[in-house]
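1. What follows is a predicted protein model with its sequence.
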Amino acid sequence: MRQRRLWFDLADDTLAEPRFAILGLPFDGALSLREGAAAAPERMRAISLTADPISRRGHRVKASVRDYGDVEARDASGQRLSQQAWLAAARARLGTLPPGAFPLAIGGDNSVSIPAIEVFAQRQGGDIGILWFDAHPDLFEVYDGNSDSHACALRRAMSLTGLSGSQVVLLGTRSYAEEEVRFIEEQRIELVTAADWLASTTDQVAARITQRLKGLSAVYWVVDIDGFDASCAPGTGYPMPGGVPAESFFQLQERLFAQLPIRGMDITEVAPPLDVNDMTSFLGVQIVLETAWLLSERTAPPTP
């Protein structure tokens with residue numbers, strides 16, 4: 001195998017002001033089912049060494065990238081940190097990333113989105129939006145006694161940052177609890193289900209999202225890998241049928257990066273120990289590559 005640097009041979013740890021700042025958040029202590037997401041940053045980095053900086057459309061990727069390592073979830077003795085201790089450490093590290101860079105955090109379970117969104121909101125101001133791609137809304141107030149559970153991540157992030165439902169879009173969802181449905185209705189959160197997406201064109205879905213989030217100063221995109229159909233993302237704690245395929249996601253991503261001020265992102269719930277032939281990890285890495293291409297080009301969406 002040819003020798004490459006991390007992230008498609010693009011990573012450079014000497015850069016003071018990279019375009020793309022990657023930080024690993026390997027915490028999976030807030031899960032409600034199966035662990036394994038803490039292994040994602042290491043596995044995705046290894047897979048990134050196998051690819052050249054060329055997007056799936058054959059475009060060369062020119063983004064400057066720096067990998068800032070991990071916010072460790074275990075102490076020197078190997079014991080897992082308490083969630084509150086880890087959340088504090090994550091907030092501190094996220095706050096040290098260069099302010100001009102596009103932050104991309106790699107979890108970990110979806111609870112890592114809580115500090116990522118907090119820091120994003122502090123930097124960008126309160127006039128931000130959240131695009132939440134996930135099979136689940138993650139809108140429980142408390143789950144299994146934990147208000148910072150991965151099942152509470154969006155609701156917790158909204159409460160900590162003061163965001164209203166008008167600043168949030170749920171995308172690709174298909175599994176709900178009664179408490180979450182009530183909250184969606186009360187807050188009037190825009191809900192683009194997986195069924196809606198699959199019954200629509202890419203442009204129609206993009207128009208719905210853009211209509212809700214246009215005019216905001218910045219948008220943060222949460223990508224829980226179980227938002228994809230289980231056939232292409234089996235390596236996650238809750239692999240859900242009825243989701244979208246990868247190419248549908250990438251085509252929508254192209255349009256939204258052209259139409260909205262997407263300024264930060266995370267990828268969560270990739271669980272290599274639960275994966276099949278690294279399918280889910282490869283998908284996560286492809287999302288990083290396509291995002292780097294869109295950042296370097298900010299291209300207009302291709303003609304359908």
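-> Looks like it came in fine.

2. and P245, how many residues sit next to it?
-> 13 (other CB atoms under 10 Å). All C-beta spots, glycine's among them, are computed from the backbone N, C-alpha and C.

3. Ok, Q79 next?
-> 9.

4. Within the helices and strands, which one has V222?
-> Per DSSP states H and E: V222 is located in strand 218-224.

5. what does the average pLDDT come to for that strand?
-> Averaged across strand 218-224, pLDDT comes to 98.

6. C-alpha coordinates for that strand, CSV please?
-> Provided in CSV are the C-alpha atoms of strand 218-224 (Å, rounded to 0.1, in the frame of the first residue of the first chain):
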residue,chain,number,x,y,z
ALA,A,218,-24.8,29.4,10.2
VAL,A,219,-26.1,25.8,10.2
TYR,A,220,-24.7,22.8,12.0
TRP,A,221,-25.3,19.3,10.4
VAL,A,222,-25.5,16.3,12.7
VAL,A,223,-25.0,13.0,10.9
ASP,A,224,-26.0,10.0,12.9
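
7. Need the contact partners of the helix or strand that comes right after that strand.
-> Downstream of strand 218-224, the first helix or strand assigned by DSSP H and E is helix 246-259. When contacts are defined by CB atoms under 8 Å, 6 or more residues apart in numbering, helix 246-259 is touched by residues 56, 131, 133, 197-198, 202-203, 205-206, 209-210, 214, 221, 227-228, 232, 262, 283, 286-287, 290-291, 294-295, 298-302.

8. In the protein, where's the longest helix?
-> Scanning the chain for the longest helix, with DSSP state H as the assignment, gives helix 279-297.

9. relative to helix 246-259, how tilted is that one?
-> Here helix 279-297 runs at an angle of 20 degrees relative to helix 246-259 (axes from the mean of the first three to the mean of the last three CA atoms, to 10 degrees).

10. List the buried residues in helix 279-297.
-> By 16 or more other CB atoms under 10 Å, the buried positions in helix 279-297 come out as 280-297.

11. Let me know the pLDDT of A292.
-> Note on A292: pLDDT of 97.

12. Low-confidence stretches in the stretch 101-250 of the chain?
-> Counting by pLDDT under 70, the stretch 101-250 of the chain contains no low-confidence residues.

13. which stretches of this structure form helices?
-> Taking DSSP H as the test, the helices found in the chain are 6-9, 40-48, 83-94, 113-124, 153-161, 178-187, 194-198, 202-213, 246-259, 279-297.

14. any chance of those helices in JSON lines, with distance to P18 too?
-> Shown next, in JSON lines, are those (distance: least, CB to CB, whole Å):
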{"stretch": "helix 6-9", "distance to P18": "11"}
{"stretch": "helix 40-48", "distance to P18": "15"}
{"stretch": "helix 83-94", "distance to P18": "15"}
{"stretch": "helix 113-124", "distance to P18": "16"}
{"stretch": "helix 153-161", "distance to P18": "25"}
{"stretch": "helix 178-187", "distance to P18": "36"}
{"stretch": "helix 194-198", "distance to P18": "32"}
{"stretch": "helix 202-213", "distance to P18": "26"}
{"stretch": "helix 246-259", "distance to P18": "18"}
{"stretch": "helix 279-297", "distance to P18": "10"}
